[in-house]
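Undergrad: I would like to see how this sequence folds:
(2 chains)
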Protein chains: 2
Amino acid sequence: MALIYDGAIQDVIDSFAKLPGIGPKGAQRIAFYLLSTRKEDVRHLADSIIHLQEKVKFCEICGNVTEKSPCEICSDPRRDRSTICVVEHPSDIMSMDRTGEYRGLYHVLGGAINPMKNITPADLRIKSLLKRLEDGSVKEVILALNPDVEGEATTTYLARLLTPVGVKVTRLASGLPVGADLEYADQITLGRALAGRSTITG
Amino acid sequence: MALIYDGAIQDVIDSFAKLPGIGPKGAQRIAFYLLSTRKEDVRHLADSIIHLQEKVKFCEICGNVTEKSPCEICSDPRRDRSTICVVEHPSDIMSMDRTGEYRGLYHVLGGAINPMKNITPADLRIKSLLKRLEDGSVKEVILALNPDVEGEATTTYLARLLTPVGVKVTRLASGLPVGADLEYADQITLGRALAGRSTITG
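TA: The predicted model follows:
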């Protein structure tokens, strides 16, 4: 006997259960939370969802999400214009920028090469990346893709493509995450940390 | 350096991060998911949220959430009208009904007695429960409150209040959950399971 809720409640539960990271139980909890929330707050949530696709577009230069194109990073004169950091998704820009260690520009690929999902190099924003390298002002391209199979394949592909252009191509270091325990590190990570070891001077 | 997203994206992230069970990372993931979702689906999510408070009200009899009052359960002639199951929240009705073992009516208290949160018996829907017992058609009240401190206190309070009315007052059994491991059961649960043991006939 799968009794479901009356229309409007079930509708909210179904809608929320479709979102990533929310299951049917979580969606039900949210629906009842919304029922007991101030009308203005609920309205604000709905409005923010509607405005999202209306206002947000993609930067014509780097592919970042933005409300005006070019985006704030691409139009920021204090940014180092000789370095481009290539990432898979717009959210990766936030992660990189949060480190405070990088002040260059970005380029969003829109994913990584993935034969299983039929994503080929032609589906990624590679042409626009090559265009940005044409005038020779960019000296280094940092490949900051995810350290998984797809990211590795894309990194290798891009390195082969970009090196002949005459730009320095680098990638993020692989190794132990800060705060990790050597005992629990997987073999591949530990192997890479060993291969990428650096000299310390006492 | 806490760079945040452009207005509309950050707005969605902030709105979702306020919902129960969603943190800032989950909210960010949802925001980017919504950006890449079909416009109709996003619109539908927003509409379902707006309609929720407009359409959903509380049943005048039992306090359940419903689009028409009395609710479907209260107005269902096939329901056993001699039993009322008392629960804390409307979502508990769904849980009870899903068992398929109960075909009576419900009564939502709207919470449990909680001195820490200043919830006294006067804040609960107890008066309307007593009113439902007045005509003598209800023979049994099942107290199905959460087996925590507040639920126990409320159960005791209600049992004292309802017994003199001349109605049979029962409560849900405490014991081992089905599929549990005796080794990992807590002392109190195991103690209650022992106290509530039943005779088996071979």
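Undergrad: mind listing what A:A193 touches?
TA: Residues counted as contacts of A:A193 (C-beta atoms under 8 Å, 6 or more residues apart in numbering or on different chains) are A:174-176, A:185. No exception for glycine: its C-beta is placed from N, CA and C like everyone else's.
Undergrad: state the helix or strand in which it lies.
TA: Taking DSSP states H and E as the definition, one finds A:A193 inside helix A:187-195.
Undergrad: can I get that helix as PDB, trimmed to CA atoms?
TA: Output for helix A:187-195, consisting of C-alpha atoms alone and laid out as PDB, is shown next (Å, rounded to 0.1, in the frame of the first residue of the first chain):
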ATOM      1  CA  GLN A 187      49.400   2.500  -3.500                       C
ATOM      2  CA  ILE A 188      49.000   4.700  -6.600                       C
ATOM      3  CA  THR A 189      48.800   8.000  -4.600                       C
ATOM      4  CA  LEU A 190      51.800   6.900  -2.500                       C
ATOM      5  CA  GLY A 191      53.700   5.900  -5.600                       C
ATOM      6  CA  ARG A 192      53.100   9.300  -7.200                       C
ATOM      7  CA  ALA A 193      54.100  11.100  -4.000                       C
ATOM      8  CA  LEU A 194      57.400   9.100  -4.100                       C
ATOM      9  CA  ALA A 195      58.000   9.900  -7.800                       C
END
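Undergrad: quick one on the thing from earlier: quick one: which of the contacts of A:A193 is most hemmed in?
TA: A:G175 (18 neighbours; other C-beta atoms under 10 Å in any protein chain shown).
Undergrad: ok, A:P90 to B:L133 distance?
TA: Computed with C-beta to C-beta, to the nearest Å, the distance linking A:P90 and B:L133 is 60 Å.
Undergrad: report the separation between the closest residue to A:R192 other than its chain neighbours and A:G21.
TA: The shortest distance from A:R192 to any non-neighbouring residue, by C-beta to C-beta, 6 or more residues apart in numbering or on different chains, is to A:S174 (3.9 Å). Here the distance between A:S174 and A:G21 works out to 27 Å (C-beta to C-beta).
Undergrad: go on, A:H107?
TA: Distance of A:H107 to A:G21, given as C-beta to C-beta: 28 Å.
Undergrad: now do A:Y184
TA: Computed as C-beta to C-beta, the A:Y184 to A:G21 distance reads 25 Å.
Undergrad: the more surrounded of these two?
TA: A side-by-side neighbour count of A:Y184 and A:G21, using other C-beta under 10 Å, places A:G21 first with 14 against 7.
Undergrad: just the mean pLDDT for the lengthiest helix in chain A, thanks.
TA: With DSSP state H setting the assignment, residue counts place helix A:39-55 as the longest helix in chain A. The average pLDDT for helix A:39-55 rounds to 92.
Undergrad: does that helix reach chain B?
TA: Yes. Between helix A:39-55 and chain B, judged by C-beta under 8 Å from any C-beta of the partner chain, the touching residues are A:39, A:41-55.
Undergrad: so which bits of that helix are buried?
TA: Within helix A:39-55, the residues that qualify as buried are A:42, A:44-53, counting by 16 or more other C-beta atoms under 10 Å in any protein chain shown.
Undergrad: is A:F32 in contact with B:S91, as I believe?
TA: Yes. In terms of C-beta atoms under 8 Å, A:F32 counts as a neighbour of B:S91; the distance is 5.6 Å.
Undergrad: ok, back up a step: what packs against the longest helix of chain A?
TA: Under the contact definition 3 or more C-beta pairs under 8 Å, 6 or more residues apart in numbering or on different chains; DSSP states H and E, helix A:39-55 sits against helix B:7-17, helix B:24-35, helix B:39-55.
Undergrad: state the distance from A:N114 to A:S174.
TA: To A:S174, A:N114 is 20 Å away according to C-beta to C-beta.
Undergrad: for A:K68, which three-state class applies?
TA: coil (DSSP: H, G, I helix; E, B strand; the rest coil).
Undergrad: for chain B, see how far away it is.
TA: Per C-beta to the nearest C-beta, to the nearest Å, A:K68 is found 8 Å from chain B.
Undergrad: start and end of stretch A:163-178, how far apart?
TA: Its first and final residues considered, stretch A:163-178 spans 31 Å by C-alpha to C-alpha, to the nearest Å.
Undergrad: and A:L172, what is it in contact with?
TA: Under the contact definition (C-beta under 8 Å, 6+ apart), the residues listed for A:L172 are A:142-144, A:147.
Undergrad: keep only those of those that are in helices.
TA: Nothing among the contacts of A:L172 maps onto helices, per DSSP H.
Undergrad: show me how to select, in ChimeraX, the buried members of those residues.
TA: Filtering these down to the buried ones (16+ other C-beta under 10 Å) takes a single ChimeraX command:
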select /A:142,143,144
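Undergrad: got a markdown table for the contacts of A:L172, with pLDDT and distance to A:R192 too?
TA: Formatted as a markdown table, the entries for the contacts of A:L172 read as follows, by pLDDT from 0 to 100; distance: C-beta to C-beta, whole Å:
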| residue | pLDDT | distance to A:R192 |
| --- | --- | --- |
| A:I142 | 95 | 17 |
| A:L143 | 95 | 15 |
| A:A144 | 94 | 16 |
| A:P147 | 90 | 9 |
